[in-house]
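In: fold the following, please.
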Amino acid sequence: MEDLLTPAEMALADAHAVAAGTPVATLMERAGWAVAQAIRARHRPCRVLVACGPGNNGGDGYVAARLLAREGWPVAVAACTPPRGDAAPAAARWHGPIVPFYPEQAARADLVIDALFGAGLTRPISPDITAFLAAAPRIVAIDVPSGLDGTTGQALGQVTPAELTVTFHRRKPGHLLLPGRSLCGELVLADIGIPPGTPPVRTWRNTPALWARPRPRPAEHK
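Out: You can find the predicted model right below:
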């Protein structure tokens, strides 16, 4: 059986990993590496624009940008707002091009990495972000496509579908529930070293292993 974590439970799992001795910066580095690795496995080097939000999802994007650029990919970053908190050190390590957050920039790229907002978003994204993502020719999303509710799978306003979504530690219910399932494209689950067991699992993917089927008695017919 595959266990799932809601975004709130995933935040507890992240906190548990940090309390157990894994710094946020290490988790972010591993997440960004997983994104870069998934892209390298599916694409030849092309013009990449990484759209970064202010939080840890954006921090993952800055790491992915740096790692792809280190491999010789032409990469630029467009930030919708300045990084804050744990994302700021990751942003400070990005020394490549930074371009304005305009739809025209997204349209010029071959591939846009959506590192704007993660699965915990509970409000619709703003029109300028919607227009930016709608202009992208193809999208790889970090955690979820921005605007997708990771708990319910519902679109919070207009959500631009991704061809590939990379998430971490455990899938979220929103990855499997419609319309989220159809908006995520191919889904890659990456292990970033979060210990299992915290918080307790309360949700599982619906498979035959969970189904309670009556056991027929010897004299009964199907």
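In: what's the closest non-adjacent residue to residue 103?
Out: Nearest in space to residue 103, with sequence neighbours left out and distances taken as CB to CB, 6 or more residues apart in numbering, is residue 135 at 3.7 Å. Where you see a C-beta, it was placed from the backbone N, CA and C, and this is true even at glycine.
In: can you name the residues that contact the one you found?
Out: Contacts for residue 135 were tallied using CB atoms under 8 Å, 6 or more residues apart in numbering; they are 103, 104, 106, 107.
In: what is the nearest of the residues you listed to residue 200?
Out: Within those, the smallest distance to residue 200 is 40.7 Å, found for residue 106 (CB to CB).
In: so that closest one sits in a strand?
Out: No. Counting by DSSP: H, G, I helix; E, B strand; the rest coil, residue 106 is located in no strand; its state is helix.
In: contacts only, for it.
Out: When contacts are counted by CB under 8 Å, 6+ apart, residue 106 touches 49, 51, 78, 112, 132, 133, 135, 136.
In: select only the buried ones of the residues you listed in ChimeraX?
Out: Applying 16 or more other CB atoms under 10 Å to these, the buried members can be selected in ChimeraX as follows:
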select :49,51,78,112,132,133,135,136
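In: gap between residue 10 and residue 182?
Out: Taking CB to CB, to the nearest Å as the measure, residue 10 falls 22 Å from residue 182.
In: sec struct for the closest residue to residue 150 other than its chain neighbours, please.
Out: Nearest in space to residue 150, with sequence neighbours left out and distances taken as CB to CB, 6+ apart, is residue 119 at 2.5 Å. Using three-state DSSP, the secondary structure recorded for residue 119 is coil.
In: can you pull out the strands in this structure?
Out: With DSSP state E as the criterion, the chain has strands at 3-4, 48-52, 75-79, 111-115, 139-142, 164-168, 186-190, 203-204.
In: among those strands, which comes closest to residue 61?
Out: Within those, the stretch nearest residue 61 is strand 111-115; the backing value is 2.5 Å (CB to CB).
In: run the angle between that closest one and strand 48-52 for me.
Out: Here the directions of strand 111-115 and strand 48-52 differ by 20 degrees (axes from the mean of the first three to the mean of the last three CA atoms, to 10 degrees).
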